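Structure of the sequence below:
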Amino acid sequence: MGIAACLTWLVTAVVARISSLSALVAAVLAPVWALVLGHGAAAALAACLAALILWRHRGNIARLRAGTEPRIGQKGS
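Residues are numbered from 1 along each chain as shown. The predicted structure is shown next:
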């Protein structure tokens, strides 16, 4: 499940070039990966953790929606 989540992050990072988006996608898909791999109890835990991660990333989500979240490799101001 961890490898699947890491690969999800990597693929999203390569495609979107936004680290926070990659983390959010990987967190949201972690419970799905757990279910697909037959780990129901881990899926419940992963869903709780995904909710916490989404809550903690609310600033990043606002910047993603506004189109102002920096991309990987982009110089900060």
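
List the contacts of Thr12.
By Cβ atoms under 8 Å, 6 or more residues apart in numbering, the contact set of Thr12 is 21-22, 25-26. Placement of C-beta: from N, CA and C, glycine included.

Now distance to Val14 and neighbour count too, for these, in CSV please.
Shown next, in CSV, are the contacts of Thr12 (distance: Cβ to Cβ, whole Å; neighbours: other Cβ atoms under 10 Å):
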residue, distance to Val14, neighbour count
Leu21, 12, 22
Ser22, 9, 20
Val25, 12, 19
Ala26, 13, 22
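
can I get those in JSON lines with secondary structure?
What follows is these, written out as JSON lines (DSSP: H, G, I helix; E, B strand; the rest coil):
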{"residue": "Leu21", "secondary structure": "helix"}
{"residue": "Ser22", "secondary structure": "helix"}
{"residue": "Val25", "secondary structure": "helix"}
{"residue": "Ala26", "secondary structure": "helix"}
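
Quick one: neighbours of Ala62, just the number.
11 (other Cβ atoms under 10 Å).
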